[in-house]
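Student: could you work out the structure for the sequence below:
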Amino acid sequence: MSDANYAPQPKKSKVGLIVTIVVLVLTCCCLIPGIVVVSGGLQLFGSSKGLIGCSISMTDWRDAVMAYAAAHNGKLPPAATWQDDVLKYVKTSNVQPGFPVPQPSDDYCDKQAATVISFNSDLAGKKVDSIKDQEGTVMLFEVAGSGRNKSAKWIERAQESAPKFIMSVPRGWIEIPVRGSAGLRTKQGLQPIGNMRTTVPQSSSTPATKSSDDGS
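Tutor: A predicted model of the protein is given here:
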């Protein structure tokens, strides 16, 4: 074969390779933030479950405190034994699966955030009718720790020590007044949570026995 009849092979184009590399890089760049967003969303969802369960539990306990008062000449329970005293009046809410509500026997409110319910000791033994601003007076509030029959004078607590959402952002503290819906106290003030219960509360497994001093 002569040199005149020899035709060199055309060089393979690198355009396809370059496009492939660009697509892979763009995919990775888009995928990484997506993974972060999904991961953060899952963390947020997990934190929200604890918040919702805790707020529902606090509402159930507030209803039990009010039922106790109705059976005791309008007087609220003593601070030192308030949960034990109102236990038989607790009706736990039946909510959607995946949003567990603490049981009356549990010693926590938001298990993941390690918080528990505290009773406003300023209200201990008072008659409900003597509380003038019932929607603005906190009866139960969330505090760090665990245990039962927790009580203290209600004060506004530092947001820095509040339970956290994703990226260590404080979510605020749950509070519930004598009358009305639960709220979340944040840096922006008290934010209403609303009634998170989706069904009528179910009777607790604790049998309701007649009180000897219920006035009946």
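Student: what residues are up against Gly147?
Tutor: Residues near Gly147 by CB atoms under 8 Å, 6 or more residues apart in numbering: Asp107, Val116. For glycine as for every other residue, the C-beta is placed from the backbone atoms N, C-alpha and C.
Student: er, Ala144 I mean
Tutor: For Ala144, counting by CB under 8 Å, 6+ apart, the contacting residues are Ala114, Thr115, Val116, Ser161.
Student: and the residues you listed, which two are furthest apart?
Tutor: Largest separation among those by CB to CB: Val116 and Ser161, giving 14.1 Å.
Student: so for the two, which sits in the more crowded spot?
Tutor: Shown here are Val116 and Ser161; by other CB atoms under 10 Å, Val116 has more neighbours (21 against 11).
Student: just list whatever residues bridge to that one.
Tutor: Note on Val116: beta-bridge partners Val143, judged by DSSP bridges.
Student: ok, now how distant is it from Ala144?
Tutor: Distance, Val116 to Ala144, by CB to CB, to the nearest Å: 8 Å.
Student: one more: Asp60?
Tutor: 21 Å.
Student: and for Tyr108?
Tutor: Applying CB to CB to Tyr108 and Ala144 gives a distance of 11 Å.
Student: also Lys132?
Tutor: 30 Å.
Student: again, but for Ala71
Tutor: Counting by CB to CB, the gap from Ala71 to Ala144 is 32 Å.
Student: flag the shaky bits of the chain, pLDDT-wise.
Tutor: The chain contains residues with pLDDT under 70 at 1-47, 94-99, 165-167, 194-216.
Student: can you tell me the closest non-neighbouring residue to Asp85?
Tutor: Using CB to CB, 6 or more residues apart in numbering and skipping the chain neighbours, the partner closest in space to Asp85 is Pro77 (4.2 Å).
Student: give me the phi and psi angles of that neighbour.
Tutor: Main-chain torsions, Pro77, degrees, to the nearest 10: phi -70, psi 160.
Student: does it touch Ala124 like I think?
Tutor: Yes - if you go by CB atoms under 8 Å, Pro77 and Ala124 touch, sitting 7.0 Å apart.
Student: the more surrounded of the two?
Tutor: Using other CB under 10 Å, the more surrounded residue of Pro77 and Ala124 is Pro77, with 23 against 16.
Student: tell me how far that one lies from Trp154.
Tutor: 16 Å.
Student: distance of Arg148 relative to Ser57?
Tutor: In terms of CB to CB, Arg148 sits 13 Å off from Ser57.
Student: name the residue in the two with the higher neighbour count.
Tutor: Ser57 (28 against 16).
Student: please save the CA atoms from stretch 77-92 in PDB.
Tutor: Only the C-alpha atoms of stretch 77-92 are listed here, as PDB (Å, rounded to 0.1, in the frame of the first residue of the first chain):
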ATOM      1  CA  PRO A  77     -53.800  19.700  93.600                       C
ATOM      2  CA  PRO A  78     -50.900  20.300  95.900                       C
ATOM      3  CA  ALA A  79     -47.600  20.800  94.100                       C
ATOM      4  CA  ALA A  80     -45.600  18.000  95.800                       C
ATOM      5  CA  THR A  81     -47.900  15.100  94.700                       C
ATOM      6  CA  TRP A  82     -49.900  16.700  91.800                       C
ATOM      7  CA  GLN A  83     -49.300  13.900  89.300                       C
ATOM      8  CA  ASP A  84     -50.100  11.100  91.800                       C
ATOM      9  CA  ASP A  85     -53.200  13.000  92.800                       C
ATOM     10  CA  VAL A  86     -54.600  13.500  89.300                       C
ATOM     11  CA  LEU A  87     -53.500  10.200  87.800                       C
ATOM     12  CA  LYS A  88     -56.900   8.600  87.900                       C
ATOM     13  CA  TYR A  89     -58.300  11.400  85.900                       C
ATOM     14  CA  VAL A  90     -55.800  11.100  83.000                       C
ATOM     15  CA  LYS A  91     -57.300  10.200  79.600                       C
ATOM     16  CA  THR A  92     -54.500   9.600  77.100                       C
END
